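Student: structure, please.
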Amino acid sequence: MIDFRAVAEKYDTPLYVYDFNHITRQYEKLKKAFSGRKSIISYAVKANSNLSVISHLADLGSGADCVSIGEVKRALSAGVPKYKIIFSGVGKRDDEIEEALKEDILLLNLESEAEMERVETIAKELGIQARISIRVNPNIDPKTHPYISTGLHENKFGVDIETAKRMYIRANNSDHLDPVGIHFHIGSQLTELDPIREASMIVADLVRSLAAIKIELKFFDVGGGLGIVYDDETTIEPYDYAQAILGTLHGLDMTVICEPGRFIVGNAGYFLTRVLYEKVNEGKRFIIVDGAMNDLLRPSLYNAWHRVEVAGKSGNESEADVVGPVCESGDFFAKKRMLPPTEHGDLVIVHSAGAYGFTMASNYNTRPRPAEVAIVDGKDRCIRQRETFEDMIRLEKMCL
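Tutor: Here you go, the predicted model:
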């Protein structure tokens with residue numbers, strides 16, 4: 001058990017706290033689930049890009065799925081082997097492509113014919129052959145929030161089956177492209193198995209049709225997206241997830257790549273914030289805390305639900321909104337929750353905040369981003385210091 005009040009007293013609030021033992025357990029569950037097949041678990045860095053988090057996973061054997069050259073650099077800095085690093089993303093700048101190719105990472109995931117043309121051109125200029133995979137959009141409804149749905153034709157991600165075939169044939173005939181893999185990712189916070197199985201089947205059939213024309217792929221990248229429990233969701237067991245995918249790969253000798261993010265770190269993280277005061281507007285109760293939407297954006301962006309508790313308080317609960325100081329009506333962590341009476345200084349714990357928490361934080365309203373703390377075997381250590389005002393203005397210049 002984490003002593004949240006002791007941690008908050010030591011490091012102040014707002015504050016992110018991560019249970020590294022939980023991260024280890026989640027990684028090992030997925031690795032074990034795919035143990036019957038050659039596999040790489042490539043952590044999705046965008047979920048939580050703290051160097052200590054990436055380094056901890058690298059020590060466990062993880063690779064890294066990156067969506068910017070900055071994330072590629074983070075992964076390399078944290079000790080992830082370059083042969084386990086994937087560079088994904090729907091839009092890559094020329095300088096990002098060039099740097100990734102020079103770093104000789106495992107592969108680049110391509111999402112359009114236009115992107116493939118740029119990669120081929122840059123690889124030719126460098127005098128090298130670029131290892132690539134192509135992201136296939138299987139047009140499967142993942143049945144998740146529309147903002148994190150990525151597998152339908154209405155989404156900006158990937159290419160349809162026929163376009164993918166055309167791209168693979170072109171890449172296979174190119175002196176500067178080496179098609180080594182195939183990729184799909186239908187969305188995040190997935191809680192139903194059938195869409196995953198159906199998407200995998202469609203993409204595996206494409207692999208077989210490519211093999212029939214002598215285009216042999218080595219990597220079958222299933223993306224990530226496994227959901228976690230925020231409230232009362234029924235989630236997918238890693239073993240069932242792995243079996244659903246592996247069951248579509250009969251006759252194919254490929255290394256499976258899985259790219260979990262939220263599943264690894266989501267429920268490892270907690271956001272701690274203190275009560276400033278309460279107010280009541282014509283019977284409407286507000287608990288105003290020192291954290292805000294700039295610290296944890298998910299409730300404002302997705303209307304996401306996070307469990308909220310007041311440390312050490314219970315009983316006499318009444319309905320309240322938990323809100324922050326930012327000058328936006330969208331600045332809230334929870335609405336219409338039954339919570340006990342609070343007073344100045346009480347500690348509020350927002351659960352399931354390890355994924356897409358700090359990574360989406362900003363300095364809106366000139367608010368410093370929070371510190372981050374790791375808990376390893378019951379011991380705490382600061383893995384990112386709280387920003388100061390000087391940190392926030394360091395790169396700015398006044399025009400005189």
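Student: for the closest residue to G247 other than its chain neighbours, grab phi and psi.
Tutor: Leaving aside its sequence neighbours, G247 sits nearest to R197 (C-beta to C-beta, 6 or more residues apart in numbering; 7.4 Å). Just so you know, the C-beta spots here come from the backbone N, C-alpha and C atoms, and that holds for glycine as well. Note on R197: its backbone torsions stand at phi -60, psi -40 [degrees, to the nearest 10].
Student: surely R197 touches L246?
Tutor: No - using C-beta atoms under 8 Å, R197 and L246 do not qualify as a contacting pair, with a distance of 10.4 Å.
Student: rewinding a little: enumerate every residue touching the residue nearest to G247.
Tutor: R197 sits next to A244, I245, G247, T248 when contact means C-beta atoms under 8 Å, 6 or more residues apart in numbering.
Student: just G269 next, same as before
Tutor: Counting by C-beta under 8 Å, 6+ apart, G269 has contacts Y16, V17, Y18, D19, N48, S352, A353, G354, A355, G357.
Student: mind checking pLDDT for the residue nearest in space to the middle of the chain?
Tutor: Nearest to the geometric centre of the chain sits A47, at 2.6 Å (C-alpha atoms, centre = their mean). As predicted, A47 sits at a pLDDT of 97.
Student: not counting its neighbours along the chain, what's nearest it?
Tutor: G261 (3.0 Å).
Student: run a quick neighbour tally on the nearest residue to N137 once chain neighbours are set aside.
Tutor: Nearest non-adjacent residue to N137, counting by C-beta to C-beta, 6+ apart: G158, 3.4 Å away. Residues within reach of G158, counting by other C-beta atoms under 10 Å, total 27.
Student: residue contacts, G158?
Tutor: G158 neighbours (C-beta under 8 Å, 6+ apart): E111, I134, R135, V136, N137, T150, G151, H183, F184, H185.
Student: distance of the fifth one from F87?
Tutor: As for N137, its distance to F87 is 19 Å (criterion: C-beta to C-beta, to the nearest Å).
Student: and I85, how many residues sit next to it?
Tutor: Count around I85 with other C-beta under 10 Å applied: 23.
Student: I'd say it and S62 touch.
Tutor: No - contact criterion C-beta under 8 Å: I85 and S62 do not qualify, at 10.5 Å.
Student: any residues in contact with both of the two?
Tutor: In contact with both I85 and S62: S42, using C-beta under 8 Å, 6+ apart.
Student: what residue ranges in the stretch 51-200 of the chain score low on pLDDT?
Tutor: Counting by pLDDT under 70, the stretch 51-200 of the chain has low-confidence residues at 141-156.
Student: try 80
Tutor: Where the stretch 51-200 of the chain drops to pLDDT under 80, the residues are 139-157.
Student: so where do the strands sit in it?
Tutor: 63-66, 85-87, 107-110, 130-135, 177-183 (DSSP state E, counting those that start in this stretch).
Student: what does the stretch 201-350 of the chain give?
Tutor: 219-221, 255-258, 269-281, 284-289, 308-310, 318-323, 332-339, 347-350.
Student: I169 is nearest to which of those?
Tutor: Closest to I169 of the strands of the stretch 201-350 of the chain is strand 219-221 (C-beta to C-beta; 18.3 Å).
Student: who does that closest one pair up with?
Tutor: Next to strand 219-221 in the sheet, as set by DSSP bridges, lie strand 177-183 (parallel), strand 255-258 (parallel).
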